[in-house]
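> Please work out how this folds:
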Amino acid sequence: MIIDKIQNFKRYLSLHPDLAKVEAVIEKFSDISIEPGKHEIDGDRVFAVVQSYETKEAQADKFENHRKYIDVQYITAGAEQIHVKEMSTLTVDFPFDEPHDYEFYKTPDSFVTAELEAGEFALFFPGESHRPGVMTDKGPAPLNKVIFKIEA
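As a prediction, this is how the structure comes out:
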């Protein structure tokens, strides 16, 4: 897992060749008026999912993992907490759904909390469990984000 400011994204391009495709369109996706939904960048290899939602209490969501895609979760407006936990200690709650590339885990007793705000991103490789969409200490609030999906 990596958390950083979007202006530092170039530091991580060597981690995967298709991260450069994301870097080439980040500025375009910084515009919060982009229509929510899936946006193709390079077919199913690299695409963006634009989301707009209200953050909520942590108990409402479970930890997730992806096997096929790397997630780059970029906050374009608002703030949220993302919880992170090493996977070997987690218990499967919903088995792997291959067409949707996710599996869910029961909430563990402890986890790391990262707070992201507009202009920051989190990068998760397959096997790095996370729970996004959690409200900050300020309570529920609107959030705009782009999740870039990169075939691992």
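> Tyr53 - nearest residue in space that isn't next to it in sequence?
Leu143 (5.9 Å; C-beta to C-beta, 6 or more residues apart in numbering). The way it works is simple: take the backbone N, C-alpha and C, and place the C-beta from them, glycine included.
> do the same with Asp71
Nearest to Asp71 is Phe124, by C-beta to C-beta, 6+ apart, at 4.4 Å.
> Please enumerate the helices of the protein.
Assigned by DSSP state H, the chain shows helices spanning 19-23, 26-29.
> Distance to Gln7 for these - can I get that in CSV?
Shown next, in CSV, are these (distance: least, C-beta to C-beta, whole Å):
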stretch, distance to Gln7
helix 19-23, 11
helix 26-29, 9
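> Hmm, the residue nearest to Asp71 is touching Tyr69, no?
No. Counting by C-beta atoms under 8 Å, Phe124 sits too far from Tyr69 to count as a contact (9.3 Å).
> Next up, the contacts around the residue nearest in space to the middle of the chain.
Nearest residue to the geometric centre of the chain (C-alpha atoms, centre = their mean): Gln73, 3.3 Å. For Gln73, the contact set (C-beta atoms under 8 Å, 6 or more residues apart in numbering) comprises Ile82, Leu116, Phe121, Ala122, Leu123, Phe124, Pro132, Lys145, Val146, Ile147.
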